[in-house]
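Asks: give me the fold of what follows.
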Amino acid sequence: MRLNYLVGAFASAVLLGACSFSLAQDVTPPPNSELSIEPAVTVVPALPDSPPDAARGEVLYVQKCAPCHGLGGLGDGEQSGNLPVAVPAIGTAEWARERTPIEWFKIVSEGNLDNFMPPFAASLSAQQRWDVLAHVYRLSGEFALDDSGNLVGASDLAGTSSDGQPPALDVGGIVKNGSGGDLPSGALITLYAYDHGQDLFTRTTTLTEDGEFQFDDIPLDARNLYQVSLEYKGLIYFSEALTEAGLQTGNEFELVVYEGTQKTSDLFVSSLNLVFTFLAEGQVKVVEQVLLSNSGDLAVVPAKDGQALLHYELPPDAINLSFEQGQIGDRYELVAGGFADYRAVLPGENTYQVLYAFDLNYDRALEFVRAVQFPTRNVHIFLPQNEVELEGESLVLAGEQLVDGVPYRVYQLNRELEAGEQIALRLTGAHPLKSPFLIQISGDEFIIGLVALAVTVAIAGFWLRRSSRVTAASGASNQIMNAIIVLDKQFENKQISEKIYMRQRERLKKRLRQALKKGGEL
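Replies: I've put the predicted structure just below:
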């Protein structure tokens, strides 16, 4: 195991990759970069595959955005009065100037929960999101997007130098030490330029004593992304990617580096999501997604002797272990009882993610036990709507979520877990592949759908993180009543059989009576 542990500067967006079941948090390095371990998490905001189409975007805008933002983008939609916050006037020139198109693309993708805006990465493709942005910019009357998604005047096109060549510009940035330590004066900074995944060129310079750096006469092109990297104490950091438009308007690269530690006391699991799905007869596939946060100001890194600090427990009979990024022998290593991950955890919320899957034998029942290494704040369990039932201590049925049209029941653990505690679950019932009521989904569709599911859970918190965690009987009763409403709608839409509907509704009603009685409401 090589000890050149890779990390990326944390990006706020969690965007969908078109070809992988990935949920990413770190910035992906430039293509073809010589790195020891593939970074674990984030796809740089996707440039549009074809020129953004404002006409197509207008149709989507009316469906998805106008109810809150209004047809003219003035924040006066018919639903705006139902929100506890003012809806921003996104159709104004002031809004258009506030951020770069890629920054707005990231916000559209991941949402803004503080302003009650949902994420659209799961429901709109990258191209559709760019189309919506093209229409929104057109609403301003002053700005538009060119064919590469760059901001230009409404009656202008992206410029070039007088000789027809892309303009050259001095670009620079700053390095900060988030742990308060010294700056790596004299360290080598590398600039990458790439176009839709194709590495174009690199440049290098050195860091000054003040933590600043500059690259002279860099040829800029509206089709390219630009990114810088720095190695500091065995960790390789990457900036967020900038476009030509961003650099032309004065944006600079920023890198934050951290001192390292092997103490894990500041780590906690902000979200643990377990998905059970039945894709092969006699087996159940378990997909686990873990989002780690670091409340300290030091990066938690593996020990110099190669000792990994992050461990994950696997059932003894687990087979077909796979990862959404990396594999055994590079980022991961098999250890007694499970596997270890050599990735570093940067300070901040949700700066680390691992998403992995394995298969277990299933014959009418399964006892699933999973110990957590760190304090865990939120646990969600997803189970398809079929005849298999889930039992476990402190579980509350929180609602349902569609994955490519297939309904999943969503359960939430109504308490936080201490380090070392176990999640104990029991699945019972005939394997769905033997059931005449099965709504089947292919493996490929499941993986693609799981991306949307993971984005919804991690970014929107399944909308459960907006409210307090279910720690009181009154909260539980509200969740159960919502689940009954969802179940009724599924039956009305003929998504589930009458047999399953009647049995689940009776169980929900029984749980509701218990919750109301416990809360003193009966």
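
Asks: in the stretch 351-500 of the chain, which spans are strands?
Replies: 365-371, 379-384, 389-392, 395-403, 406-413, 422-428 (DSSP state E, counting those that start in this stretch).

Asks: nearest to residue 491, of the ones you listed?
Replies: Closest to residue 491 of the strands of the stretch 351-500 of the chain is strand 406-413 (CB to CB; 11.0 Å). In short, each C-beta sits where N, CA and C put it, glycine included.

Asks: spit out the contact partners of the nearest residue to residue 381 once chain neighbours are set aside.
Replies: Nearest residue to residue 381 in three dimensions, chain neighbours excluded: residue 411, at 4.3 Å (CB to CB, 6 or more residues apart in numbering). Listed by CB atoms under 8 Å, 6 or more residues apart in numbering, the contact set of residue 411 reads 380-383, 390, 392, 395-398.

Asks: just put these in TSV and tack on distance to residue 255 and pLDDT.
Replies: Supplementary listing: the contacts of residue 411 in TSV, determined by distance: CB to CB, whole Å; pLDDT from 0 to 100:
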residue	distance to residue 255	pLDDT
380	34	92
381	38	93
382	37	91
383	42	91
390	45	94
392	44	91
395	43	92
396	43	91
397	45	90
398	39	86
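
Asks: so which of those is the closest to residue 324?
Replies: residue 382 (16.2 Å).

Asks: so the closest one sits right up against residue 272, yeah?
Replies: No: contact criterion CB atoms under 8 Å: residue 382 and residue 272 do not qualify, at 11.8 Å.

Asks: what sits against residue 296?
Replies: So residue 296 contacts 261, 265-266, 347 (CB under 8 Å, 6+ apart).

Asks: repeat that for 10 Å
Replies: Each residue near residue 296 by CB atoms under 10 Å, 6 or more residues apart in numbering is listed here: 179, 258, 261, 263-267, 345, 347-348.

Asks: export the residues you listed to CSV and tack on distance to residue 133?
Replies: Converted to CSV, the contacts of residue 296 look like this (distance: CB to CB, whole Å):
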residue, distance to residue 133
179, 37
258, 34
261, 41
263, 43
264, 41
265, 43
266, 38
267, 36
345, 33
347, 31
348, 27
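
Asks: among the residues you listed, who's most crowded?
Replies: residue 258 (27 neighbours; other CB atoms under 10 Å).

Asks: thought it was touching residue 179?
Replies: Yes: taking CB atoms under 10 Å as the definition, residue 258 is a contact partner of residue 179 at 4.8 Å.

Asks: circling back: can you tell me which of the contacts of residue 296 is nearest residue 141?
Replies: residue 348 (38.4 Å).

Asks: please tell me how far the closest one sits from residue 326.
Replies: The gap separating residue 348 from residue 326 is 21 Å, by CB to CB, to the nearest Å.

Asks: in three-state terms, label residue 58 for me.
Replies: Assigned with DSSP: H, G, I helix; E, B strand; the rest coil, residue 58 falls in the helix class.

Asks: distance check, the nearest residue to it once chain neighbours are set aside against residue 212.
Replies: The spatial neighbour of residue 58 that comes closest, neighbours along the chain excluded (CB to CB, 6+ apart), is residue 135 at 4.5 Å. Using CB to CB, residue 135 is found at 39 Å from residue 212.

Asks: what about those two, which has more around it?
Replies: residue 135 (23 against 14).

Asks: what helices or strands is the one helix or strand that one maps to leaning on?
Replies: Residue 135 is part of helix 126-139 when elements are defined by DSSP states H and E. Where contact means 3 or more CB pairs under 10 Å, 6 or more residues apart in numbering; DSSP states H and E, helix 126-139 is packed against helix 54-64, helix 93-98, helix 101-110, strand 143-145, strand 151-153.

Asks: quick one: which of those is nearest residue 310?
Replies: Comparing those under CB to CB, the one sitting nearest is helix 101-110, at 24.6 Å.

Asks: just the angle between the closest one and helix 54-64, please?
Replies: 30 degrees (axes from the mean of the first three to the mean of the last three CA atoms, to 10 degrees).

Asks: what average pLDDT does helix 101-110 get?
Replies: Helix 101-110 carries an average pLDDT of 83.

Asks: now it: buried residues?
Replies: 101-110 (16 or more other CB atoms under 10 Å).

Asks: now do stretch 130-141
Replies: 130-140.

Asks: can you give me the pLDDT of residue 469?
Replies: Value for residue 469, per-residue pLDDT: 31.

Asks: let's have the chain start at 50 instead
Replies: New numbering, starting at 50: the last item is residue 518.

Asks: was I right to think residue 137 contacts residue 153?
Replies: No: Residue 137 lies out of contact with residue 153 (CB under 10 Å); the separation is 11.1 Å.

Asks: joint contacts of the two?
Replies: 144, 147.

Asks: in JSON lines: the contacts of residue 460, plus neighbour count and distance to residue 554.
Replies: Output for the contacts of residue 460, formatted as JSON lines (neighbours: other CB atoms under 10 Å; distance: CB to CB, whole Å):
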{"residue": "429", "neighbour count": "22", "distance to residue 554": "22"}
{"residue": "430", "neighbour count": "24", "distance to residue 554": "20"}
{"residue": "431", "neighbour count": "23", "distance to residue 554": "20"}
{"residue": "432", "neighbour count": "22", "distance to residue 554": "17"}
{"residue": "439", "neighbour count": "19", "distance to residue 554": "16"}
{"residue": "441", "neighbour count": "15", "distance to residue 554": "20"}
{"residue": "444", "neighbour count": "17", "distance to residue 554": "18"}
{"residue": "445", "neighbour count": "22", "distance to residue 554": "16"}
{"residue": "446", "neighbour count": "25", "distance to residue 554": "12"}
{"residue": "447", "neighbour count": "23", "distance to residue 554": "16"}
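
Asks: of those, closest to residue 533?
Replies: residue 446 (9.3 Å).

Asks: that closest one and residue 428, how far apart?
Replies: Plainly put, residue 446 is 14 Å away from residue 428 if you go by CB to CB.

Asks: what's the overlap in contacts for these two?
Replies: 460-461.

Asks: pick out the shakiest of the strands of the stretch 400-549 of the chain, pLDDT-wise.
Replies: Among the strands of the stretch 400-549 of the chain, strand 444-452 scores lowest, at a mean of 81.

Asks: tell me the angle that one makes with strand 455-462.
Replies: Going by the same axes, to 10 degrees, strand 444-452 makes 150 degrees with strand 455-462.

Asks: would you list the contacts of residue 460 in a markdown table and tack on distance to residue 250?
Replies: Formatted as a markdown table, the contacts of residue 460 follow (distance: CB to CB, whole Å):
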| residue | distance to residue 250 |
| --- | --- |
| 429 | 44 |
| 430 | 48 |
| 431 | 45 |
| 432 | 50 |
| 439 | 54 |
| 441 | 55 |
| 444 | 54 |
| 445 | 54 |
| 446 | 55 |
| 447 | 50 |
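
Asks: closest to residue 420 among these?
Replies: Closest to residue 420, out of all of the contacts of residue 460 and judged by CB to CB, is residue 441, at 14.2 Å.

Asks: enumerate every residue touching the residue nearest to that closest one when sequence neighbours are not counted.
Replies: Computed as CB to CB, 6+ apart, the closest residue to residue 441 that is not its neighbour in sequence is residue 474, at 4.4 Å. Residues near residue 474 by CB under 10 Å, 6+ apart: 323, 325, 415-419, 430, 432, 439-442, 444, 460, 462.

Asks: ok, those residues vs residue 468, which is closest?
Replies: Distances from residue 468 to the contacts of residue 474, taken by CB to CB, are shortest for residue 419, at 13.3 Å.

Asks: excluding sequence neighbours, find me the nearest residue to that closest one.
Replies: Residue 419 sits nearest to residue 472 (CB to CB, 6+ apart), 4.6 Å away.
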